[in-house]
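Undergrad: need a structure here:
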Amino acid sequence: MATGTSNSPKQPIDTYTRLAHLLHATAPDREAMVDRVYEELLARESRAYAAGWSDALTEARRARRSSRP
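TA: Next up is the predicted model:
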């Protein structure tokens, strides 16, 4: 299910669109295609992990500030 994001540089490509592009792009062989998809998944996982930590730290700071007398 695509979210309708455009391919303009100002808007991110959604996950489904990017995966479809990687799978349909010409690759020298299947192994190269799998490598590209794997690299993309690792990059997205790393960004999500970092964003999660950032959100958790922000929430912890907010909770600490609100619990002070």
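Undergrad: SS state for the spatially most central residue of the chain?
TA: Residue closest to the average C-alpha location in the chain (CA atoms, centre = their mean): Arg44, at 3.4 Å. Assigned with DSSP: H, G, I helix; E, B strand; the rest coil, Arg44 falls in the helix class.
Undergrad: residue ranges with poor pLDDT in the chain?
TA: Counting by pLDDT under 70, the chain shows low-confidence ranges at 1-12, 27, 68-69.
Undergrad: now do the helices in this structure.
TA: Secondary structure of the chain by DSSP state H: the helices cover 15-24, 30-67.
Undergrad: looking at those helices, which is buried most?
TA: Among the helices of the chain, helix 15-24 has the highest mean neighbour count (mean count of other CB atoms under 10 Å), at a mean of 14. (C-beta placed from N, C-alpha, C; glycine too.)
Undergrad: what angle sits between that helix and helix 30-67?
TA: 160 degrees (axes from the mean of the first three to the mean of the last three CA atoms, to 10 degrees).
Undergrad: helix 15-24: how far from the chain's middle?
TA: Relative to its chain's centre, helix 15-24 lies at 13 Å (CA atoms, centre = their mean, to the nearest Å).
Undergrad: export it as CSV, just CAs?
TA: Coordinates of the C-alpha atoms in helix 15-24 are reproduced here as CSV (Å, rounded to 0.1, in the frame of the first residue of the first chain):
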residue,chain,number,x,y,z
THR,A,15,9.1,2.1,2.2
TYR,A,16,6.9,0.3,-0.3
THR,A,17,7.8,2.5,-3.2
ARG,A,18,11.5,2.2,-2.4
LEU,A,19,11.4,-1.6,-2.1
ALA,A,20,9.5,-1.8,-5.4
HIS,A,21,12.1,0.4,-7.0
LEU,A,22,15.0,-1.8,-5.7
LEU,A,23,13.3,-5.0,-6.8
HIS,A,24,12.5,-3.8,-10.3
